[in-house]
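Chemist: this is a predicted model, with the sequence first.
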Amino acid sequence: MKTEHHTITITKKADISSVWLIPEHYTSVLIIAHGARRDMNSNSLSLIHQGIAENNILTVKFNFPYMELGLKAPNTPHVLEETWQKVINAVIEKTGVKRKQIFLSGFSMGGRYATILAAKEDLYAGIILFAYPLHAPGKSDKPRFDHLKVIHEPMLFFQGSRDSLCRLDVFKPLLETLSPPATLHIIEGADHSFKLLKRIKRTEQSIFEEIIQACTEWIKQRS
């Protein structure tokens with residue numbers, strides 16, 4: 001498997017870094033975006049990036065421009081969307097794959113902007129969301145969900161049962177309104193960062209092995 005580092009131009013003033021893990025043989029591509037507070041080199045994202053690539057899926061991770069500059073506040077929605085689009089375009093240009101071979105994914109904010117893009121274009125193989133931020137803390141009565149109803153790609157959600165940004169009793173009924181039906185994979189005892197309660201005797205590694213296996217099987221069923 002090859003590792004490649006590519007700089008991608010987003011605007012005249014913003015370039016970003018990306019890391020590509022390229023198996024010798026692959027038919028699908030997974031692109032992973034980071035969440036609002038951690039960059040593409042976070043432990044969680046890196047474990048998934050490496051683990052899925054080891055299953056013969058070309059896997060790309062990237063930074064949004066604000067994180068590339070070491071800033072705390074995310075870019076405007078327009079720039080976040082534009083970043084997603086430019087990364088997808090770079091993948092197509094460098095690999096020759098079709099959009100229907102590309103799976104979009106991301107942690108929290110990065111995943112939400114993947115869904116915003118997909119709601120405008122029915123073009124991709126599927127979408128995988130790690131800790132989708134359904135609502136702001138304490139505001140489960142205001143779910144950010146309506147745009148998901150117009151997405152026609154299959155979606156796979158990984159949610160912790162203690163996620164303060166996604167109450168499952170609110171989320172589950174909403175998922176039932178989607179077509180095609182979405183898949184919900186619950187990590188019991190996990191919070192928004194997939195951290196477990198201390199009383200749960202389970203390693204972080206085992207959580208990500210579970211996520212990697214479920215992602216890989218889901219992708220290969222649709223490839």
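Modeler: Good, I have the coordinates. Numbers count the residues shown, from 1 in each chain.

Chemist: show me the contacts for the nearest residue to residue 123 once chain neighbours are set aside.
Modeler: Distances taken as CB to CB, 6 or more residues apart in numbering place residue 99 nearest to residue 123, at 4.3 Å, with adjacent residues excluded. In short, each C-beta sits where N, CA and C put it, glycine included. Residues counted as contacts of residue 99 (CB atoms under 8 Å, 6 or more residues apart in numbering) are 88, 92, 123, 124.

Chemist: now find how far off-centre the strand or helix carrying the second one is within its chain.
Modeler: Looking back up the chat, that one is residue 92. In the assignment (DSSP states H and E), residue 92 maps to helix 77-95. When distances are taken as CA atoms, centre = their mean, to the nearest Å, helix 77-95 is centred 14 Å away from the chain's centroid.

Chemist: contacting residues around that helix?
Modeler: Contacts for helix 77-95 (CB under 8 Å, 6+ apart): 6, 8-11, 14, 16, 18, 29, 31, 33, 58, 60, 62, 64-65, 74-75, 97-99, 102, 104, 109, 113-114, 116-117.

Chemist: now which of those would you call buried?
Modeler: 8, 10, 14, 16, 18, 29, 31, 33, 58, 60, 62, 64-65, 74-75, 97, 102, 104, 109, 113-114, 116-117 (16 or more other CB atoms under 10 Å).

Chemist: from those, which land in strands?
Modeler: The strands, defined by DSSP state E, take in 8, 10, 14, 16, 18, 29, 31, 33, 58, 60, 62, 102, 104 from the buried ones among the contacts of helix 77-95.

Chemist: many thanks, we can stop here.
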